[in-house]
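Enquirer: Following is a predicted model, sequence given first.
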Amino acid sequence: VEHHDRRFATEFEMHTLQRLRRCLGNLHASAHRTGDTHHCRSVVQHHRPAGVAVAADGVEHARRQELGGDLVFVRNPVQLLLQNGDRYQKSGGSPASRLLFGDALQLANGDQVKAMRRRLAPPLSFERISSAYGGLIVDETQAFLDTWPVGTIPGLTQPLMDMLLPILVRMYFGTRGARTQELGQLYLEAIALLPDGLSGFAQVGRGRRYKAAVARLDVAINALLEERLRHDQGESDFAAQFLRLGLSARQVRDELVTMMAASYRTVGMALVQTLRLIAEHPHIDALVAAEVANAPGHVPDPRALSYIGAVVKESLRLCPPAGLMTRTAVTADQLAGWNIPAGASVFVSPWIIQRDARFFPDPLVFRPERWLQDERALPPCAYFPFGAGARSCIGAAMSDVMLRLVIATVTRRFRLAAPPAPRAPAIANGCG
């Protein structure tokens, strides 16, 4: 990938993230200022000048009325995601994204989603991920840690993303050595060139380079899948497992490329933010270190890492992977007393709901211990960092296993400390 393509992708991601943070902050402030149900045209006017209604959980406080526009924000997603989920669908993606992701589960809607989820669920269970890939995750993480210097590291985001990429490539495709690096690089080249309709940025030849990058990625993946079809030796990677489930080579390709895109960014950013939070809270760092010290074996049982699991959950509560989720109404519906016309875009924010003091006392405090209590006391959709209902993320268990094992491996060898300025974790060797 040319340097200016990488720079553009990074700058656009930062611009989009900053805009999303402003939007979520405005929505959060408006909800507290005006109550459960209100209009907030100004919050999303940069998207579309239509009227925006915000419906909350108290139906008794909501007025029945037809929406003046087609953008709706919902503070209680139970109806949207659970009760009336079949009346809404996710975006099928742009033509450009379809070129890269094809007809993958995450972009599909309707009955085919339920059927495909049932087929893919067994290899993606917590227990299966732990037993099949626990050793790979720990070994790759340890190899990466061998390159870490003791002292202040100016930034961990990109190094940690670089560490995760070969783990994911090996889990998904079963590659080794140079082939892992080659396939990972081809993926990065394609994703960096993926056009985005919101960017308002046009580069001469960018679309042509994008198509060429996707074609190169397809050649490499198709060659690997052909080898798997010719010589099935019982490999445990996802490509081999999905082929044994009866998926076509094209279906396997689409699912794995889409899973790669979702997990690389989601797990990577969750790992960065969780390590940062551990570094900023020395007493939590000490508790994590104590749990890891008592965990037997080279590869600890992820289920036994209960405190680290609580740390991960609390991190995802404060900073969920998707701060804002969108659904489109397939048919007319009613949410909290509001009449939703067909075609309306309905938004829900885990970021806002998971910071609601009604569900989480002291919601802005990083407190993993809240997850050591009975979670059944929480109402539905009070915590849903990976979505909820039939369209929840199928890779949630995989993310949980990876985060627990990577954090355990890091804290087994290092202690993290965050100096007040600059905001960069300093690493103290935990072995000496």
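Expert: Great, that's in hand.

Enquirer: how deep is the closest residue to Gln334 other than its chain neighbours tucked in, by neighbour count?
Expert: Once flanking residues are discounted, Gln334 sits nearest to Ile340: 6.4 Å by Cβ to Cβ, 6 or more residues apart in numbering. The way it works is simple: take the backbone N, C-alpha and C, and place the C-beta from them, glycine included. By other Cβ atoms under 10 Å, 27 other residues sit near Ile340.

Enquirer: If you count neighbours, what's buried in the helix or strand hosting Leu277?
Expert: Leu277 belongs to helix 249-280 when assigned by DSSP states H and E. Neighbour-count burial for helix 249-280 flags 249, 251-264, 266-280 (criterion: 16 or more other Cβ atoms under 10 Å).

Enquirer: So for that helix, mean pLDDT?
Expert: On average, the pLDDT along helix 249-280 is 93.

Enquirer: coming back round to it: I'd like the distance between the residue nearest to Gln334 and Val74.
Expert: Distance of Ile340 to Val74, given as Cβ to Cβ, to the nearest Å: 9 Å.

Enquirer: Do I have it right that Leu243 meets Leu229?
Expert: Yes: counting by Cβ atoms under 8 Å, Leu243 does reach Leu229; the two are 6.4 Å apart.

Enquirer: so where's the protein shaky on pLDDT?
Expert: 1-70, 152-154, 196-204, 419-432 (pLDDT under 70).

Enquirer: could you pull out the helices for it?
Expert: 3-34, 95-101, 111-120, 126-145, 157-173, 178-193, 206-230, 238-244, 249-280, 282-293, 306-318, 350-353, 396-413 (DSSP state H).

Enquirer: Which neighbouring elements make contact with the fourth one?
Expert: In terms of contacts (3 or more Cβ pairs under 8 Å, 6 or more residues apart in numbering; DSSP states H and E), helix 126-145 is packed against helix 157-173, helix 396-413.

Enquirer: okay, the angle between it and helix 396-413?
Expert: Calculated by axes from the mean of the first three to the mean of the last three Cα atoms, to 10 degrees, helix 126-145 forms an angle of 40 degrees with helix 396-413.

Enquirer: One more: the fifth one?
Expert: Taking the same axes, to 10 degrees, one finds helix 157-173 and helix 396-413 inclined to each other by 130 degrees.

Enquirer: Mind telling me which residue is nearest the centre of the chain?
Expert: Thr266 (3.1 Å; Cα atoms, centre = their mean).

Enquirer: Can you tell me how far that one is from Arg228?
Expert: Computed with Cβ to Cβ, the distance linking Thr266 and Arg228 is 26 Å.

Enquirer: Gly395 too?
Expert: Distance, Gly395 to Arg228, by Cβ to Cβ: 21 Å.

Enquirer: And for Leu164?
Expert: For Leu164, the distance to Arg228 equals 23 Å [Cβ to Cβ].

Enquirer: What would stretch 333-343 look like as PDB? C-alpha coordinates only.
Expert: In PDB, the C-alpha atoms belonging to stretch 333-343 read as follows (Å, rounded to 0.1, in the frame of the first residue of the first chain):
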ATOM      1  CA  ASP A 333     -43.500  -0.500  13.300                       C
ATOM      2  CA  GLN A 334     -44.000   1.100  16.700                       C
ATOM      3  CA  LEU A 335     -41.200   1.700  19.200                       C
ATOM      4  CA  ALA A 336     -42.000   3.200  22.600                       C
ATOM      5  CA  GLY A 337     -45.200   4.800  21.200                       C
ATOM      6  CA  TRP A 338     -43.600   6.300  18.100                       C
ATOM      7  CA  ASN A 339     -44.800   5.200  14.800                       C
ATOM      8  CA  ILE A 340     -41.800   4.100  12.700                       C
ATOM      9  CA  PRO A 341     -42.400   4.200   8.900                       C
ATOM     10  CA  ALA A 342     -40.900   1.600   6.600                       C
ATOM     11  CA  GLY A 343     -37.500   2.700   5.400                       C
END
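
Enquirer: how about that stretch: buried residues?
Expert: Residues of stretch 333-343 classed as buried under the neighbour-count rule (16+ other Cβ under 10 Å) are 333, 335-338, 340.

Enquirer: do the same with stretch 208-219
Expert: Neighbour-count burial for stretch 208-219 flags 209-210, 213-214, 217-218 (criterion: 16+ other Cβ under 10 Å).
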